[in-house]
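# Take this sequence and fold it.
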Amino acid sequence: MARAMEEKEEQEPPRKRRQLSKFQVPKKSGKTEIGTAEACPILAPQASQDFEALDHETDSAWKETGKSQRTLSRLQSATEETAQQLPSLSSSQDLLSDQTVHYTLRLSTSCMSWKWLRRLPTALLCQRDKKDLSDPVRAAALEACRANLPCLLADESKALAWLSAIAASLSWYELEGPTRTSGQDEVQDVQEWDKAYGSLWLLLQQGALPSFSIEAERFSVLVFGEGAGTWTSPADGQQTKPTRAEPFAILWPSSRELRSMLQENRVYFDVAPPALHQQASTAELPKSSAGDSGCAGGSSAVVPLVEGGTSAENGVPQATRQDLLELRRDGERAKTPGDGEHDFKNKTALRFQGSWRVHLLLNALRQHFLGHPMASAVKMPQKLPKLLAPASFANSAVKSAQVDRAAHHPAGNETGGGEFFAELRGRWFPSQTRKFLELLRVIVPKFSCTFTSPLRHGPGSNAFTQLGQRRIAAVRSEKDSSGTWKWLFDVV
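The predicted model follows:
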């Protein structure tokens, strides 16, 4: 019996494996099985398409998930890198790293009103020598303390010294550049402006001015001397401290024509390093100016040759480029096909360090402003630049900050409180900004300040400090339980 069953099993063909899908098309054979494509010719194509669409959607979903994960990973990495690149700012000394002239300040606190800023004596703000006050000015200052700041009356001498320092940080001196005309008055105005321009450099060398600014139509120059403070250099991490013998100047923004004019007139400068948080441009900028390299003109750029033996830059013949440069110098908007965004990225900051370099810069700019003959000269501006300084100079007029608003925002609940704020408009050099905020700590235990400046003053002017291509947008100062002042910075 057992032997018969074994013979029967040997005669039976082997069973096929179970199919994975009932709609799978079997191998060619003479049979038609149930559930195959041949057995269900109407439903099979639609079912196959459904399964294919489902597989495609599944694959697409997995791909999108993978892309999202990779994108999130890149964003996290970029955020971590940006956090590592942000400078470490923790004291009022770090306010000097922002080398811009601020135009507006917005003060905010929950402790007291800012209306006392509006009631400062005008005679105190407009007096040139705020250390030696006359009797009427002293009386007006003490009266303002009694009416608005009675907390300072414990020591009248200290109160007067504090008010004088506040007034000094809220005032500046300026001379508006005259517009060129053909009249006799224009000659006298230009002569007065020229005298004021020369006095700025002399006063800075004597230590009477910590800094001054030259605001032209297309660029600004900020010169630092003794008393301007210290900041950290991003290149080597060393502390930079301008002095009378070693001043420091920043020109921003610089155009290609302006750099060419400075190079042709042997004005030595350093080009700002590229920002760490931006991609480097494909075209490399020269590291230094004329005189720092062995080639003529000091330019390290390689100019290729085009057919016909004429030199070209970005594929544009040199003769055509010279014609376009002449149009630019005449004030026309001319751009070569190879400029693109490269010309915008080249509007970088220039550094002039040392008495000789700063002197050469100021002398070359004076010849440019007055229209004197010089090599590769850019077209003479129609209006001479404005001169600004935190202290008095020749032919200057004293100005004081204006309080546009001083109000109170209620908290919106029954407990009271709220926010006192004030908006001030004027000019603040870095040393004045630091001094003003440090003085506010005498009467306000905590406050915040927001800064705004025009585009001509930043953030490119910070390229040689630890801020790089960033700027300080706001700062908050408060005293903790241990009596230590903390400074929190908002860098953008």
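# all contacts plus neighbour counts: C-alpha atoms, from now on.
Will do.
# Show me which residues of stretch 105-125 are buried.
Residues of stretch 105-125 classed as buried: 105-110, 112-115, 117-118, 120-121, 123-125 (neighbour count, 16 or more other CA atoms under 10 Å).
# Would you quantify the distance from Thr450 to Thr109?
From Thr450 across to Thr109, the span is 12 Å (CA to CA, to the nearest Å).
# Could you measure from the nearest residue to Ile472 once chain neighbours are set aside over to Gln93?
Leaving aside its chain neighbours, Ile472 sits nearest to Val491 (4.6 Å; criterion: CA to CA, 6 or more residues apart in numbering). In this view, Val491 and Gln93 are 15 Å apart by CA to CA.
# next structured bit after the longest strand along the chain?
When the chain is scanned for its longest strand (criterion: DSSP state E), the result is strand 419-428. Heading C-terminal from strand 419-428, the first helix or strand you meet, by DSSP states H and E, is helix 430-440.
# check contacts around Arg106.
Going by CA atoms under 8 Å, 6 or more residues apart in numbering, Arg106 touches Phe421, Ala422, Glu423, Leu424, Cys449, Thr450, Phe451.
# Between the residues you listed, which sits nearest Phe219?
Distance to Phe219 across the contacts of Arg106 (CA to CA) is lowest for Phe451, with 20.5 Å.
# Remind me what the strand or helix carrying the closest one packs against, helices and strands.
In this assignment (DSSP H and E), Phe451 forms part of strand 446-452. Contacts defined by 3 or more CA pairs under 8 Å, 6 or more residues apart in numbering; DSSP states H and E place strand 446-452 against strand 102-109, strand 472-479.
# could you dump these to JSON lines with distance to His408?
Shown next, in JSON lines, are these (distance: least, CA to CA, whole Å):
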{"stretch": "strand 102-109", "distance to His408": "10"}
{"stretch": "strand 472-479", "distance to His408": "19"}
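# For Leu133, which of those is the nearest?
Minimum separation from Leu133 across those (CA to CA) falls at strand 102-109, 27.2 Å.
# which neighbours does the closest one have in its sheet, and in what orientation?
Note on strand 102-109: by DSSP bridges, its sheet partners are strand 419-428 (antiparallel), strand 446-452 (antiparallel).
# State the next helix or strand along the chain beyond the helix or strand of the chain with the lowest mean pLDDT.
In the chain, the helix or strand scored least confidently by mean pLDDT, DSSP states H and E is helix 342-345, which has a mean of 39. Sequence-wise, the next helix or strand downstream of helix 342-345 (DSSP H and E) is strand 350-353.
# mind saving the C-alpha coords of that following strand as CSV?
Extracted as CSV, the C-alpha positions of strand 350-353 are listed here (Å, rounded to 0.1, in the frame of the first residue of the first chain):
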residue,chain,number,x,y,z
LEU,A,350,37.9,100.2,2.1
ARG,A,351,40.2,100.6,5.1
PHE,A,352,42.9,103.2,5.5
GLN,A,353,45.0,102.6,8.6
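# Who does the nearest residue to Val223 once chain neighbours are set aside form a beta bridge with?
Among residues not flanking Val223 along the chain, Ala249 sits closest, at 4.2 Å (CA to CA, 6+ apart). Beta-bridge pairing of Ala249 under DSSP bridges involves Val223, Phe352.
# Could you grab the helix/strand/coil label for Asp129?
coil (DSSP: H, G, I helix; E, B strand; the rest coil).
# on that earlier part again, which among the contacts of Arg106 gets closest to Leu360?
Distance to Leu360 across the contacts of Arg106 (CA to CA) is lowest for Phe451, with 32.6 Å.
# Now Gly468: closest residue in space, sequence neighbours ignored.
Distances taken as CA to CA, 6+ apart place Asn462 nearest to Gly468, at 5.5 Å, with adjacent residues excluded.
# Provide a list of residues in contact with the closest residue to Thr109 other than its chain neighbours.
Distances taken as CA to CA, 6+ apart put Phe447 closest to Thr109, at 4.6 Å, once the chain neighbours are dropped. Contact analysis of Phe447 by CA under 8 Å, 6+ apart lists Leu107, Ser108, Thr109, Ser110, Arg476, Ser477, Glu478.
# And those, which is closest to Leu202?
Among the contacts of Phe447, Leu107 lies closest to Leu202 (CA to CA), at 35.4 Å.
# pretty sure the closest one is touching Thr450, no?
Yes - using CA atoms under 8 Å, Leu107 is in contact with Thr450, at 6.8 Å.
# Where do the helices of the stretch 301-450 of the chain begin and end?
318-329, 342-345, 355-370, 430-440 (DSSP state H, counting those that start in this stretch).
# Can you flag the weakest of the ones you listed by average pLDDT?
With a mean of 39, helix 342-345 has the lowest mean pLDDT of the helices of the stretch 301-450 of the chain.
# Neighbours of Ala411, how many?
Ala411 is flanked by 12 other residues according to other CA atoms under 10 Å.
# Might you report the residue contacts of Phe464?
Ser233, Pro234, Ala235, Ala272, Pro273, Arg351.
# In ChimeraX, how would I select just the buried ones from those?
To isolate the buried ones among the contacts of Phe464 in ChimeraX, judged by 16+ other CA under 10 Å, type:
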select :233,234,272,273,351
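# Leaving out the residues flanking it, which one is nearest to Trp193?
Gly177 (6.8 Å).
# show me what contacts the one you found?
Trp193, Lys383, Leu384, Pro385, Lys386, Leu387.
# Between all of these, which two are at the greatest distance?
Counting by CA to CA, the most remote pair of those is Lys383 and Leu387, 12.3 Å apart.
# Between those two, which is the more surrounded one?
Leu387 (22 against 16).
# Show me the beta-bridge partners of that one.
Leu175, Ile214.
# was I right about it contacting Ser211?
No - with contacts counted by CA under 8 Å, Leu387 stays clear of Ser211, the gap being 11.3 Å.
# what residues are up against Phe429?
Contacts of Phe429 (CA under 8 Å, 6+ apart): Gln99, Thr100, Val101, His102, Ser211, Pro390.
# again with Val491
Contact analysis of Val491 by CA under 8 Å, 6+ apart lists Leu86, Arg470, Arg471, Ile472, Ala473, Ala474.
# possible to save those as CSV with distance to His368?
Formatted as CSV, those follow (distance: CA to CA, whole Å):
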residue, distance to His368
Leu86, 38
Arg470, 30
Arg471, 30
Ile472, 33
Ala473, 34
Ala474, 37
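# And the buried ones among those residues, selectable in PyMOL?
Buried subset of these, written as a PyMOL selection, criterion 16+ other CA under 10 Å:
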select buried, resi 86+470+471+472+474
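# Name the nearest of the contacts of Val491 relative to His409.
Ala474 (19.5 Å).
# right, and that closest one touches Ser448 too?
Yes - in this structure, Ala474 is within contact of Ser448 by CA under 8 Å, at 7.2 Å.
# hey, what's the nearest residue to Val403 once chain neighbours are set aside bridged with?
Closest residue in space to Val403, ignoring its immediate chain neighbours: Leu424 at 4.5 Å, by CA to CA, 6+ apart. Counting by DSSP bridges, Leu424 is bridged to Leu105, Val403.
# Pull the contacting residues for Leu424.
By CA under 8 Å, 6+ apart, the neighbours of Leu424 are Thr104, Leu105, Arg106, Ala401, Gln402, Val403, Asp404, Arg405.
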